[in-house]
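Engineer: no FASTA, just this:
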Ligand SMILES: Cc1cc2nc3c(=O)[nH]c(=O)nc-3n(C[C@H](O)[C@H](O)[C@H](O)COP(=O)(O)OP(=O)(O)OC[C@H]3O[C@@H](n4cnc5c(N)ncnc54)[C@H](O)[C@@H]3O)c2cc1C
């Protein structure tokens, strides 16, 4: 189906985009990669009358490290993350996820910031951002805000970006050499949204105990969610099979998926626990922890 009629406004600067958003209010939507918005318009699930295209804005597709964080501009594509050597080397959780979002064609166009703004319950980047403690920089005519990801992802397809605002950048803290992570996803076939997904990031202290823990699950409720009780179990603990199992059980406990063609509720809840367990094991392996007991 074709989308309903709309006006197309290419923006050549952030100010120009914000002015267009302010002028057209709730009728306007930002167009980034278009990989979620255009299908939604075709199915008439979204009917914006004005599309503000941010792709002509120069310098918005950056990926760079600055002040202890990886900065991803609103124009940065999944594909760019997937092939950046420094991300493969240091940002293991992000690197894992970049290779399993949708398929290579979608990843050429889809943006990380656009995905966070879309906030699909089964989307991958929200899970990663929660486990990694990311922030999103939001700009409107009233100024710029830096929003912690826990406050940014509000509900299915709803975020902290208000009318007349745009997300400029996602910020992921740079992991130190004792930090690693893993992204685990079950999909029906390559290119599909998650049936269940988990993101994990751990920092070990010099004595081998867990100094910081981020655990999140996706396709497990209206929006990606942090497994706070699992993080509490991990924090300060010495990694063991029992500790990992206890943390994974918390993921299953809070998983609240819907039944759909990807699986029933019981299966998805079970998988939330299994994927957190696998993610923790994979992370500890990357941190060169010996066999766990
Ligand atoms: C076949 C297919 C399979 C897919 N599989 C997956 C998958 O497995 N996992 C997954 O996570 N995603 C998947 N997706 C979604 C894909 O990753 C999207 O690209 C992504 O969710 C949205 O990014 P985008 O840049 O295309 O955003 P767009 O589609 O351009 O925009 C999405 C929404 O976010 C808003 N928006 C975008 N950028 C901004 C901004 N800077 N500030 C404020 N609002 C903004 C738009 O107005 C719109 O409402 C799939 C898509 C397709 C077509």
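Structural biologist: Good, I have the coordinates. As the structure is a computational prediction, the values presented were derived from the model and not from experiment.
Engineer: Name the helix or strand for residue 147, please.
Structural biologist: Assigned by DSSP states H and E, residue 147 belongs to strand 143-148.
Engineer: touching the ligand at all, whichever helix or strand comes after that strand?
Structural biologist: Next along the chain after strand 143-148, taking DSSP H and E as the criterion, comes helix 149-152. No: using CB under 6 Å from any ligand atom, helix 149-152 stays clear of the ligand, coming no nearer than 10.9 Å. Backbone N, C-alpha and C define where each C-beta goes, glycine included.
Engineer: What are the contacting residues of the strand holding residue 147?
Structural biologist: Contact partners of strand 143-148, identified using CB atoms under 8 Å, 6 or more residues apart in numbering, comprise 133, 135-139, 160, 168, 171.
Engineer: buried sites along it?
Structural biologist: By neighbour count on 16 or more other CB atoms under 10 Å, the buried set for strand 143-148 is 145, 147.
Engineer: Report the secondary structure state of residue 57.
Structural biologist: coil (DSSP: H, G, I helix; E, B strand; the rest coil).
Engineer: Near it, how many other residues are there?
Structural biologist: Each residue near residue 57 was counted by other CB atoms under 10 Å, and the total is 20.
Engineer: likewise residue 151?
Structural biologist: 12.
Engineer: Could you find the closest non-adjacent residue to it?
Structural biologist: In space, residue 151 comes closest to residue 160 once its chain neighbours are excluded; the distance is 5.9 Å by CB to CB, 6 or more residues apart in numbering.
Engineer: Pull up the per-residue confidence for that neighbour.
Structural biologist: pLDDT, residue 160: 98.
Engineer: Please report the distance of it from the ligand.
Structural biologist: Between residue 160 and the ligand the computed distance is 10 Å (CB to the nearest ligand atom, to the nearest Å).
Engineer: quick one: which of the contacts of strand 143-148 is nearest residue 260?
Structural biologist: Set against residue 260, the nearest of these by CB to CB is residue 160 (26.9 Å).
Engineer: Touching, that closest one and residue 150? I think so.
Structural biologist: No: Residue 160 is not in contact with residue 150 according to CB atoms under 8 Å; the separation is 10.2 Å.
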